[in-house]
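Undergrad: pasting the sequence and the predicted model now:
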Amino acid sequence: MLPEILTDIPGPKSLSLASRLARVESRNVTFANSDWPIFWERAAGTNVWDIDGNRFLDFTSAFAVSGLGHSNPAVVEALKSQADLLLHGMGDVHPAEVKVALCEKLSAITFERWGAGAGKAILCNAGFEAVEAALKTAHLHTRGKPRIITFAGGYHGLGYGTLIAGGMAKFRAPFREQLGELAIELPFPSCEEEMVALESALTLALKKNDVSAILVEPILGRGGKVVPPAGFLPLLRRAADKSGAVLVLDEIYTGFNRTGRLFACEHTLVVPDIICLGKALASGFPLSACVGRAEVMDAWPVSDGEALHTTTSLGNPLGCRMALASIEQHCDPSVAHKVIATSERFRSALEAIDSQRRGKVRGIGLMLGLEIIDPTIGAPNGDLAASIILNSLKNGIILLADGPAGHVLALAPPFAISDEEIAFLCQQLGEYL
Ligand SMILES: Cc1ncc(COP(=O)(O)O)c(C=O)c1O
């Protein structure tokens, strides 16, 4: 449904909550000023209602979590029925049955579906933990090789392990003294011409035979919705095979039909050694998973009673049940078909915006990005993107920006986004641009 604005944005209740929060929440968590944020009260489908009663149209899926729509009814039902039974178990000591069911399902939809035998999972909470579990696995599997190949513009989360591997300097800089220099960062290719240089850099990086993992997003998400050339993942697969490094695909953003395939690696024939999943996995519960080929995951020693990697909430039954309800829907091929069809119409509508400040439309599926540029010099225009986001909020549209210069409007709506809603966004963007 199109937005319905009842008051000024942010309304009085949001403003009051922001000032209460500023007194009790650490700085640098919630950004707030007189224009931002709104406080969410409820959400359904493509809509979000704030505490002041305004209805918004969400083009973010709340960080790409709610592809199946906010408060997806089957997921809510799964949560409610599980809540009556068991809220929390003892994940790595006395687990719940639903953890078994989810690990089986994760194996079935990844490595078994790809014809690569069984997959084994480590369930985690936040996305970064799944990536850190993958990096630990790679270290064990390669018998202690220390280094990691990563890519510029990559984002894997903000834990210390993932910061070592993150390709966005801004997040690493304040903590540099406490981070090991273990990453070899290579450029993420955005076109065919960049592949030759990349191949040489990759060969050089692997020369010392000290790399445990090649960690990569199949498509840069927060890095600006950059789709690499078709040969990129196959090149990484060959390099991993040759060197013995573990190929870790971070599909925390791209997974679960966001790109029009269940997983983005399925646009190629590449099967990773490990796939990291999160965000849309449980459609609204902090659950993530590191799923790898059994042979790779079996680098972990058999537990002697004290797990080497676990958390208090590992395999939380609510999250597992919600994930199973989400996955069941994602496995219906009509979901991917809808993403592809909607993506084509969305892309055309964006490309029809007639302005010199509109740059390229990037991305794939419902993981699109609209570059905002300064036409005089053709440079990224992050300031204009920021003001568009602010104006959009005032007109009932929730947007975010990506990319190193913050100049790529990130368009990752729930999959049920309608043509009317897309037209509304594009008409607004046309006015701001
Ligand atoms: C590709 C990718 N990996 C990892 C993460 C980190 O996930 P989380 O914020 O749940 O730790 C993100 C978050 O945006 C992501 O986009």
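TA: Yes, it's here.

Undergrad: checking residue 248 next. Helix, strand or coil?
TA: Judged by DSSP: H, G, I helix; E, B strand; the rest coil, the three-state class of residue 248 is strand.

Undergrad: my bad, residue 48
TA: Under three-state DSSP, residue 48 comes out as strand.

Undergrad: what number of residues lie near the nearest residue to it once chain neighbours are set aside?
TA: Closest residue to residue 48 apart from its sequence neighbours, by C-beta to C-beta, 6 or more residues apart in numbering: residue 56 at 4.6 Å. (C-beta placed from N, C-alpha, C; glycine too.) Applying other C-beta atoms under 10 Å, we find 23 residues neighbouring residue 56.

Undergrad: quick one: average pLDDT of stretch 386-395?
TA: Average pLDDT, stretch 386-395: 96.

Undergrad: correct me if wrong: residue 278 contacts residue 133.
TA: No. Residue 278 is beyond contact range of residue 133, at 11.2 Å (criterion: C-beta atoms under 8 Å).

Undergrad: would you mind naming what in the stretch 1-150 of the chain lies close to the ligand?
TA: 63, 126-128, 131 (C-beta under 6 Å from any ligand atom).

Undergrad: which ones among those are found in helices?
TA: Judged by DSSP state H, these include 63, 127-128, 131 as members of helices.

Undergrad: picking up where we left off before, looking at residue 278 and residue 133, which is more packed in?
TA: The neighbour count for residue 278 versus residue 133, taken as other C-beta under 10 Å, is higher for residue 278 (29 against 26).

Undergrad: next one: the more buried one from residue 250, what distance?
TA: Using C-beta to C-beta, to the nearest Å, residue 278 is found at 9 Å from residue 250.

Undergrad: tell me who's in contact with the residue of the stretch 101-250 of the chain found nearest the ligand.
TA: Using C-beta to the nearest ligand atom, the closest approach of the stretch 101-250 of the chain to the ligand is made by residue 127 at 2.3 Å. Applying C-beta atoms under 8 Å, 6 or more residues apart in numbering to residue 127 gives the contacts 156-157, 252, 276, 278-279, 288.

Undergrad: name the nearest residue to it, sequence neighbours excluded.
TA: residue 278 (3.4 Å).

Undergrad: same question for residue 369.
TA: residue 225 (3.2 Å).

Undergrad: confidence score at the one you found?
TA: Predicted confidence (pLDDT) for residue 225: 98.

Undergrad: does it really touch residue 371, like I thought?
TA: No. Using C-beta under 8 Å, residue 225 makes no contact with residue 371, being 9.2 Å away.

Undergrad: these two: who's more crowded?
TA: residue 225 (25 against 20).

Undergrad: now do the phi/psi pair for the more buried one.
TA: phi 60, psi 50 (degrees, to the nearest 10).

Undergrad: point out where this protein drops to low pLDDT.
TA: Scanning the chain for pLDDT under 70 picks out no residues.

Undergrad: tell me who's in contact with the residue positioned nearest the centre of the chain.
TA: Centroid check for the chain by C-alpha atoms, centre = their mean gives residue 253 as the closest residue, at 2.1 Å. Under the criterion of C-beta under 8 Å, 6+ apart, the neighbours of residue 253 are 64, 217, 219, 221-222, 279, 367.

Undergrad: can you count the residues close to whichever residue of the stretch 301-433 of the chain sits closest to the ligand?
TA: For the stretch 301-433 of the chain and the ligand, the shortest gap (C-beta to the nearest ligand atom) falls at residue 402, measuring 9.5 Å. Using other C-beta under 10 Å as the criterion, residue 402 is surrounded by 25 other residues.

Undergrad: gap between stretch 409-416 and the chain center?
TA: 12 Å (C-alpha atoms, centre = their mean, to the nearest Å).

Undergrad: next SSE after the helix or strand hosting residue 196?
TA: Element membership for residue 196, per DSSP states H and E: helix 194-206. Counting by DSSP H and E, the next helix or strand C-terminal to helix 194-206 is strand 211-216.

Undergrad: strand partners (parallel or antiparallel) of that next one?
TA: Its sheet considered, strand 211-216 pairs with strand 147-151 (parallel), strand 246-250 (parallel) by DSSP bridges.
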